[in-house]
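Enquirer: Provided below are the primary sequence and the corresponding predicted coordinates.
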Amino acid sequence: MTAESPSSPPVAGRVRWTMIWLSFGAITINYVDRANFGVALPYMADDLHLSSSVTGLLLGAFFWTYAAFLPGAGWLVDRFGPRRMMAFALIAWSLVTMFVGAAGGFLALLLMRLLLGAVESPAYPSSSQVVGRWFPVRERAMAASIFDSGGRAGTAFALPITTAVIALLGWRGSFVAAGLAGLLYALFWLKFYRDPDTHPKLTDAERGYIAAGGAQRNDGSQVSMPWKELFRYRTVWGMLIGFFCLSFVLYFFVTWFPSYLVNERGFDLLKLGFLGMIPALLAMPAQWYGGWLQMKLVSRGRSVTYARKVPLISGLILSSVIVLAGVVENAYVALALLALSQSALCFAASSLWALPVDIAPSPANVGSIAGIQGLASNVAGFVSPLVVGLLLDATGGSYFVPLAVAGGMALLGALVYGFVITSFGALGRDKENRRGASPQASATSA
């Protein structure tokens, strides 16, 4: 039995899916906190007299520390495990979020955004480790697409929930409410999450299925590859550049999208709360479909590399329709185009958080590679809102140029995943993933 062709799943025993839905809940809370700032931003800007450039700086400041701390957070997840590190992150970011509501000006907001980025950094490496420990190869992308879609759920739910709280309690009250929700979920996570070796409800049949299918076990005995060695592989660099491009576009939806609907399309608070959630809600099933498609492709004998590249390349190409939202006159047509773009991005993203598990030379490297990959994503998280803010100020508030730049970044990302990366096999073991692999090697080999 090979890792890519495990036996059929046991009839009884679905604990692994419960674990990944717990990660989904944590990431949802994570993105509610992130999106809360973007939803509240038009009202904060008016109250605190913040310019577009300054608000772009605040939106991006979160990603300075988030990106900087991600590699270290990944190492800590490898060292202490996802249960403890996710709980720490939930508690810490919830407390900081509550303090955002007490900020009285730019400097206080900047400090809170920097601190928030640092303490949120263990969330994604923890979830990637959950995938590696609980799921066989063929189910990795499906599991990764589920937990990562929590980002879309959080973004979507933040719009109606946060606008309702703002209407009731003001923008400051929205941050207090989001922080309380995170603290409650931390208790829920600690009560229910366990690794496969210690979960009391995991049956022998499901445990055997997980192990036979290639799930990774980090019991402290594995030797990890040094970080400097990881950066000698073209796959790692391709993942960094490709994820940067995808995230540059995706973070428009996390940061500037609510302001776009209010300022460019004239949406009021009610329309923002309900119509503004449509793109993120549609993106969730698109991401799940991407994970399901990869699971089917691997089960039918296609290579892991081929299965991962299908959604990555096609999704990024389709997401470039975002540029059209800057030229159409009808607000609802623009919203439909943005919904298509975000759905295509998330269809592509269904692969991303399975990749650290796919290429890790040792289970002790999964969190580290996830953190390194996340570093590039969140450098984009800083660059994207800042560039959009600067372009808005330079063009008198027009979104045409920022959306055109985003469309170009999506196409660049498709080229990187198509031609820079030749294989998603394990570093050091897959022959086409060795240092100096030929750029002309087959793009669908594994």
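Expert: Everything's here; your move.
Enquirer: List the contacts of residue 276.
Expert: 159, 257, 258, 261, 267 (CB atoms under 8 Å, 6 or more residues apart in numbering). All C-beta spots, glycine's among them, are computed from the backbone N, C-alpha and C.
Enquirer: Tell me the one of those nearest residue 193?
Expert: Distance to residue 193, by CB to CB, is smallest for residue 159 among these, at 28.0 Å.
Enquirer: Correct me if wrong: that closest one contacts residue 267.
Expert: No: between residue 159 and residue 267 there is no contact under CB atoms under 8 Å: 10.6 Å.
Enquirer: Residue 72 is in contact with residue 371, isn't it?
Expert: Yes: using CB under 8 Å, residue 72 is in contact with residue 371, at 7.1 Å.
Enquirer: Looking at those two, which is more packed in?
Expert: Taking neighbours as other CB atoms under 10 Å, residue 72 and residue 371 compare with residue 371 leading, 26 against 16.
Enquirer: Would you tell me what helix or strand that one is located in?
Expert: Per DSSP states H and E, residue 371 falls inside helix 366-394.
Enquirer: Show me what that helix is packed up against.
Expert: Applying 3 or more CB pairs under 8 Å, 6 or more residues apart in numbering; DSSP states H and E, one finds that helix 366-394 contacts helix 52-80, helix 123-134, helix 227-230, helix 234-255, helix 355-359, helix 400-415.
Enquirer: Emit the ChimeraX select command for whichever of the contacts of residue 276 are buried.
Expert: Command for ChimeraX that selects the buried part of the contacts of residue 276, burial taken from 16 or more other CB atoms under 10 Å:
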select :159,257,258,261,267
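Enquirer: Pick the one among the contacts of residue 276 closest to residue 306.
Expert: Lowest distance from residue 306 to those (CB to CB) belongs to residue 257, with 32.8 Å.
Enquirer: residue contacts, the closest one?
Expert: Contacts of residue 257 by CB under 8 Å, 6+ apart are 38, 276, 279, 338.
Enquirer: please redo it, this time with the cut-off set to 10 Å
Expert: When contacts are counted by CB atoms under 10 Å, 6 or more residues apart in numbering, residue 257 touches 35, 38, 39, 155, 159, 251, 272, 276, 279, 280, 338, 342.
Enquirer: do residue 174 as well
Expert: By CB under 10 Å, 6+ apart, residue 174 lies in contact with 32, 36-37, 39-40, 43-44, 97, 100-101, 158, 161-168.
Enquirer: please redo it, this time with the cut-off set to 8 Å
Expert: Counted by CB under 8 Å, 6+ apart, residue 174 has contacts 36, 39, 40, 101, 162, 165, 166.
Enquirer: The third one - how many residues pack around it?
Expert: Around residue 40 there are 26 other residues, counting by other CB under 10 Å.
Enquirer: Could you report the separation of it from residue 226?
Expert: Residue 40 is 43 Å from residue 226, where distance means CB to CB, to the nearest Å.
Enquirer: rewinding a little: among the contacts of residue 174, the buried ones, what's the PyMOL command?
Expert: PyMOL command restricting the contacts of residue 174 to the buried ones, with burial defined by 16+ other CB under 10 Å:
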select buried, resi 36+39+40+101+162+165+166
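Enquirer: Can you tell me which of the contacts of residue 174 end up in helices?
Expert: 36, 39, 40, 162, 165, 166 (DSSP state H).
Enquirer: so the fourth one makes contact with residue 35?
Expert: Pointing back at residue 162 there. Yes: with contacts counted by CB under 8 Å, residue 162 reaches residue 35, the gap being 7.3 Å.
Enquirer: Reformat the contacts of residue 257 as TSV; add distance to residue 301 and pLDDT.
Expert: Shown next, in TSV, are the contacts of residue 257 (distance: CB to CB, whole Å; pLDDT from 0 to 100):
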residue	distance to residue 301	pLDDT
35	40	76
38	43	76
39	45	79
155	36	74
159	42	74
251	36	85
272	47	70
276	42	74
279	35	85
280	34	79
338	37	92
342	32	93
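Enquirer: Now for the residues you listed: which two are most distant?
Expert: 251 and 272 (18.5 Å).
Enquirer: what about these two, which has more around it?
Expert: Neighbours per residue (other CB under 10 Å) separate residue 251 from residue 272, with residue 251 holding more: 26 against 22.
Enquirer: Quick check: closest non-adjacent residue to the more buried one.
Expert: Using CB to CB, 6 or more residues apart in numbering and skipping residues adjacent in sequence, the residue nearest residue 251 is residue 384, 4.4 Å away.
Enquirer: next one: residue 371
Expert: Per CB to CB, 6+ apart, closest to residue 371 is residue 74, 2.4 Å.
Enquirer: Excluding chain neighbours, what is closest to the most centrally placed residue in the chain?
Expert: Nearest residue to the geometric centre of the chain (CA atoms, centre = their mean): residue 148, 5.3 Å. Once flanking residues are discounted, residue 148 sits nearest to residue 353: 5.3 Å by CB to CB, 6+ apart.
Enquirer: who are the neighbours in contact with the one you found?
Expert: Contacts of residue 353 (CB under 8 Å, 6+ apart): 124, 127, 128, 131, 144, 147, 148, 370.
Enquirer: quick one: residue 383 and residue 59 touch, right?
Expert: No: using CB under 8 Å, residue 383 is not in contact with residue 59, being 10.9 Å away.
Enquirer: which of these two has more neighbours?
Expert: More neighbours surround residue 59 than the other of residue 383 and residue 59, with 26 against 18 (other CB under 10 Å).
Enquirer: Let me know the pLDDT of the residue lying closest to the more buried one once chain neighbours are set aside.
Expert: Nearest residue to residue 59, sequence neighbours excluded (CB to CB, 6+ apart): residue 385, at 3.7 Å. Looking at residue 385, its pLDDT stands at 82.
Enquirer: Any idea how many residues pack against residue 385?
Expert: Counted with other CB under 10 Å, residue 385 comes out at 27.
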